[in-house]
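K.L.:
here is my input, please return the structure:
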Amino acid sequence: MISGSSTGAAFNRKLRMGMIGGGPGAFIGEVHRKAARMDGKIEVVAGAFDIEPAKSKQMGEELNIDPKRTYDDYKEMVKKEAKLPAEERVDFVTITTPNNWHFPIAKAFLEAGFNVICEKPMTMDLKEAKDLQKVVKASGKVFALMHNYTGYPMVKQARYMVQTGKLGKIHKIVVEYPQDWLLTRIELEGQKQAAWRTDPKQAGAGGCLGDIGSHAENLANYITGLEIEEMCVDLTTFAPGRLLDDDANILLHYTNGARGVLHASQVATGQENNLGIRIWGEKGALEWHQEHPNYLYFYQPNEPVHIYRRGHGYLCEATQRATRLPSGHPEAFFEAFANIYLNVSETIRSGLLGEKPTELQLDFPTVDDGLRGMAFIATAVESSKSNKKWTKMLA
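P.N.:
Residues are numbered from 1 along each chain as shown. Presented below is the predicted three-dimensional model:
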């Protein structure tokens, strides 16, 4: 169970969070706010919540934020927050805007000396990702990418079991992420979340690929540590007139010789949010499903199936750290976000105290994961347009 920061007694205040995006009606922004508040160590004190200043002010009022710290846009927020005394300004900002705003906002805050948490995918294209990696390293600040599925306890257990050799050499990875919410062109019916995700000017080169395919790629990498060497990609747009892909089918070659299949779809009839992964190794195999996240299945030749369940003492340290409730009480989506906020906030807190963060505290996606994710998207788009069977992973 989470017992709190080792530095809490020496740093007896909540970290101050600012938010860009997450205005009225925004789904993911409210998820971030709930998750950030879950452990009682973070408070939202400032924000530029919407591209429309009136809506930003409305959100600030709903959150009971000082009107002076509800800003019209991120540029005003950077300028005015940087002028505040150190004991008042935000400790970090969270970016929950459409993809096209991620790079300029993150760059502005990092260069002004602020830590950043950013939604995925990290940028609009690979060039921006490379530029942002340089900005992060030059700034010396903490940058975290919100690949929230890495925060699930049993995902951390799966990673531990791969790292400790329970599976042996990995032979094959099958990861899938089917949904059906874009079966029809609801982006034409005023559905805000669909509108920007299907607009290449706001989402980038990948539709389904960038929105959920990037999660599938990240999950496979987080658990196994394996890097993609080359891929063969078929991107399809099934909804007539839609400008970006809504279905992706990808064959993968990994650098260790393993083979992989990645399937993502937002037109898979009857599917809600069915992210799942199966990993086969020479000694054992693992299976995990996001819709049933508290169970991890472990297979061995000629052995009964082993089911690892969240909340038990036999699980690894990272899994237990990411667990808030006793066994039998379901934990899921909000808690996974909160686990990333916990680790990022404790890493920031360690920096403020002049201490070195622990390996457990550093367990969150970084700018390097974001760069790899953008290389994945760029390579997949290139492969889908090509007549070549295999396309090498872009660097």
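
K.L.:
mind telling me what element L286 is part of?
P.N.:
In the assignment (DSSP states H and E), L286 maps to strand 285-289.

K.L.:
typo on my end, S214
P.N.:
Under the assignment here (DSSP H and E), S214 is part of helix 214-224.

K.L.:
got the CA positions of the helix or strand just after that helix in PDB?
P.N.:
Note on helix 214-224: by DSSP H and E, the next helix or strand toward the C-terminus is strand 228-236. C-alpha atoms of strand 228-236 as PDB (Å, rounded to 0.1, in the frame of the first residue of the first chain):
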ATOM      1  CA  ILE A 228      11.000  -1.900 -32.700                       C
ATOM      2  CA  GLU A 229      13.500  -2.500 -35.600                       C
ATOM      3  CA  GLU A 230      11.100  -2.400 -38.500                       C
ATOM      4  CA  MET A 231       7.400  -2.700 -39.300                       C
ATOM      5  CA  CYS A 232       4.900  -3.500 -42.000                       C
ATOM      6  CA  VAL A 233       1.800  -1.300 -41.700                       C
ATOM      7  CA  ASP A 234      -1.700  -1.100 -43.100                       C
ATOM      8  CA  LEU A 235      -3.600   2.000 -42.100                       C
ATOM      9  CA  THR A 236      -7.300   2.300 -43.200                       C
END
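
K.L.:
show me what the mean pLDDT comes to for strand 228-236.
P.N.:
Strand 228-236 carries an average pLDDT of 98.

K.L.:
what residues go with each domain of the protein?
P.N.:
Domain segmentation of the chain under automatic domain parsing yields 8-149+340-364, 153-327+372-392.

K.L.:
let's have these in a markdown table, adding distance to F333 and mean neighbour count.
P.N.:
All C-beta spots, glycine's among them, are computed from the backbone N, C-alpha and C. Formatted as a markdown table, the domains of the chain follow (distance: least, C-beta to C-beta, whole Å; neighbours: other C-beta atoms under 10 Å):
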| stretch | distance to F333 | mean neighbour count |
| --- | --- | --- |
| domain 8-149+340-364 | 7 | 19 |
| domain 153-327+372-392 | 8 | 19 |
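
K.L.:
if we can go back for a sec, for the helix holding S214, name the packing helices and strands.
P.N.:
Judged by 3 or more C-beta pairs under 8 Å, 6 or more residues apart in numbering; DSSP states H and E, helix 214-224 is in contact with helix 153-163, strand 170-178, strand 259-265, strand 276-281, helix 367-385.

K.L.:
again, 10 Å this time
P.N.:
Applying 3 or more C-beta pairs under 10 Å, 6 or more residues apart in numbering; DSSP states H and E, one finds that helix 214-224 contacts helix 153-163, strand 170-178, strand 228-236, strand 247-254, strand 259-265, strand 276-281, strand 285-289, helix 367-385.

K.L.:
which other helices and strands does the helix or strand that comes right after the strand holding L286 contact?
P.N.:
Next in sequence after strand 285-289, counting helices and strands by DSSP H and E, comes strand 295-299. If contacts are counted by 3+ C-beta pairs under 10 Å, 6+ apart, strand 295-299 sits against helix 153-163, strand 276-281, strand 285-289, strand 306-309.

K.L.:
so, low pLDDT: which residues of the protein?
P.N.:
1-11 (pLDDT under 70).

K.L.:
nearest to L145, out of the helices and strands packed on strand 295-299?
P.N.:
Taking C-beta to C-beta, helix 153-163 is the member of the helices and strands packed on strand 295-299 nearest to L145, at 15.4 Å.

K.L.:
could I have the closest one exported to PDB, CA atoms only?
P.N.:
Once non-C-alpha atoms are left out, helix 153-163 reads as follows in PDB (Å, rounded to 0.1, in the frame of the first residue of the first chain):
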ATOM      1  CA  PRO A 153      -0.300  -2.100 -10.700                       C
ATOM      2  CA  MET A 154      -0.500  -5.300 -12.700                       C
ATOM      3  CA  VAL A 155       1.300  -3.700 -15.700                       C
ATOM      4  CA  LYS A 156       4.100  -3.000 -13.300                       C
ATOM      5  CA  GLN A 157       4.000  -6.600 -12.100                       C
ATOM      6  CA  ALA A 158       4.200  -7.800 -15.700                       C
ATOM      7  CA  ARG A 159       7.300  -5.600 -16.300                       C
ATOM      8  CA  TYR A 160       8.900  -6.900 -13.100                       C
ATOM      9  CA  MET A 161       8.300 -10.500 -14.200                       C
ATOM     10  CA  VAL A 162       9.900  -9.900 -17.600                       C
ATOM     11  CA  GLN A 163      12.900  -8.100 -16.000                       C
END
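
K.L.:
what about stretch 16-36, start to end distance?
P.N.:
10 Å (C-alpha to C-alpha, to the nearest Å).

K.L.:
how far is it from where the chain is centred?
P.N.:
Taking C-alpha atoms, centre = their mean, to the nearest Å, the mean C-alpha location of stretch 16-36 is offset from the chain mean by 14 Å.

K.L.:
then stretch 252-259?
P.N.:
Using C-alpha atoms, centre = their mean, the offset of stretch 252-259 from its chain centre is 23 Å.

K.L.:
what residues does it touch?
P.N.:
By C-beta atoms under 10 Å, 6 or more residues apart in numbering, the residues outside stretch 252-259 that reach it are 169-175, 217, 220-221, 224-233, 251, 260-262, 279-281, 376, 390, 392-393.

K.L.:
spatially central residue for this structure, please.
P.N.:
The C-alpha lying nearest the average C-alpha coordinate of the chain belongs to H147 (C-alpha atoms, centre = their mean; 1.4 Å).

K.L.:
so that residue sits right up against D368, yeah?
P.N.:
No. The pair H147 and D368 fails to qualify as a contact (C-beta atoms under 10 Å) at a distance of 12.0 Å.

K.L.:
returning to what we had before: return the distance of the helix holding S214 from the chain's centre.
P.N.:
That offset, for helix 214-224, works out to 10 Å (C-alpha atoms, centre = their mean).

K.L.:
also stretch 69-78?
P.N.:
Using C-alpha atoms, centre = their mean, the offset of stretch 69-78 from its chain centre is 24 Å.

K.L.:
check stretch 12-19 too.
P.N.:
21 Å.

K.L.:
please apply the same query to stretch 176-187.
P.N.:
20 Å.

K.L.:
just the CA coordinates for it, please, in PDB.
P.N.:
What follows is stretch 176-187 as a C-alpha-only set of coordinates in PDB (Å, rounded to 0.1, in the frame of the first residue of the first chain):
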ATOM      1  CA  GLU A 176      -4.400  -4.700 -29.400                       C
ATOM      2  CA  TYR A 177      -6.600  -1.700 -28.700                       C
ATOM      3  CA  PRO A 178     -10.000  -1.900 -30.200                       C
ATOM      4  CA  GLN A 179     -12.800   0.700 -29.700                       C
ATOM      5  CA  ASP A 180     -16.000   1.500 -31.700                       C
ATOM      6  CA  TRP A 181     -16.700   5.100 -30.800                       C
ATOM      7  CA  LEU A 182     -15.800   6.400 -34.200                       C
ATOM      8  CA  LEU A 183     -17.900   4.000 -36.200                       C
ATOM      9  CA  THR A 184     -19.800   6.900 -37.700                       C
ATOM     10  CA  ARG A 185     -18.600  10.500 -38.300                       C
ATOM     11  CA  ILE A 186     -19.700  11.900 -35.000                       C
ATOM     12  CA  GLU A 187     -17.000  14.600 -35.600                       C
END
